[in-house]
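K.L.:
Sequence and predicted structure, then a few things I'm wondering about:
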Amino acid sequence: MVHNQHCSTVSVFVALHILQADLHQENLQLSDVKKLDSDGLKRFFSINELRYITEYNAVTAVGLFNSEVKTHLLLLANRGSKNFSELKDKMRALAPEFTGKFLFVLVDGAVKSNERALGYFDLKPNDLPRVGIYDVGLDRSWLLPPGKITTVRVREFCNSFLQGELQPQSQETGGKTQVRGRSLSFEGRWRE
């Protein structure tokens, strides 16, 4: 079956796995690419092989940490909470804006095996929901301050990271990371 494809388009169709995947299609317009080589094509497939939002578990961890995209945006939430589905939908809607820049990862805080991931952000299940950024290459994390999780706040958090506006503070300031030129602060710390 052809889905409005042109001869100058490479497409990735993501298969559905009931209740755990997103249905989406990614296109690489060859006319928009200055140079297409095997490395560029591999990067396109690698970036688009994961779902818009991937649930963290022992199986997906390997793919997440071996991905070409080394920065993860984590939604840390308890699956049984009343606003879980709403939060997941907000993240899923935001994810396409940041394809190739962040992997959106859902960490279910109610799962015992995820306690280590929560501990990395100094969180416990009763502290959730929260949103954090983890940079695999730097082995560094940032945490969005407590408050209502909205697409506007998360988008600003992501853009601040991408623009290099998250600045680490000295340890005397409690490990907080400030956004240059704004009163909003993000928590950050080095992994120990």
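P.N.:
Everything's here; your move.
K.L.:
Now do the helices in the protein.
P.N.:
Shown for the chain, the helices assigned by DSSP state H span residues 38-48, 58-66, 84-94, 115-120, 151-162.
K.L.:
on contacts alone, who are the packing partners of the fourth one?
P.N.:
This points to helix 115-120. strand 71-77 (3 or more Cβ pairs under 8 Å, 6 or more residues apart in numbering; DSSP states H and E). For glycine as for every other residue, the C-beta is placed from the backbone atoms N, C-alpha and C.
K.L.:
Compute the inter-axis angle for the strand it packs on and helix 151-162.
P.N.:
Counting by axes from the mean of the first three to the mean of the last three Cα atoms, to 10 degrees, strand 71-77 points 150 degrees away from the direction of helix 151-162.
K.L.:
Out of the helices of the chain, which gets the lowest mean score?
P.N.:
Looking at the helices of the chain, the lowest mean pLDDT belongs to helix 38-48 (a mean of 58).
K.L.:
show me the contacts for residue 137.
P.N.:
Counting by Cβ atoms under 8 Å, 6 or more residues apart in numbering, residue 137 makes contact with 70-71.
K.L.:
repeat that for 7 Å
P.N.:
Taking Cβ atoms under 7 Å, 6 or more residues apart in numbering, we find residue 137 in contact with residue 70.
K.L.:
Flag the shaky bits of the chain, pLDDT-wise.
P.N.:
Filtered on pLDDT under 70, the chain yields the residue ranges 1-51, 167-192.
K.L.:
Let me see the domain layout of it.
P.N.:
Using automatic domain parsing, the domain ranges for the chain come out as 1-49, 52-190.
K.L.:
Can you say which of the helices of the chain is nearest to residue 139?
P.N.:
For the helices of the chain, distance to residue 139 was read as Cβ to Cβ. The smallest value, 9.9 Å, belongs to helix 115-120.
K.L.:
Name the residues that touch the closest one?
P.N.:
Under the contact criterion Cβ under 7 Å, 6+ apart, helix 115-120 has outside partners 56, 76, 107, 109, 124-125, 141, 191.
K.L.:
cool, stretch 91-110 as well?
P.N.:
So stretch 91-110 is contacted by 22, 47, 50, 52-56, 64, 67, 69, 71-80, 88, 114, 117-118, 125, 128, 151, 154-155, 158, 162 (Cβ under 7 Å, 6+ apart).
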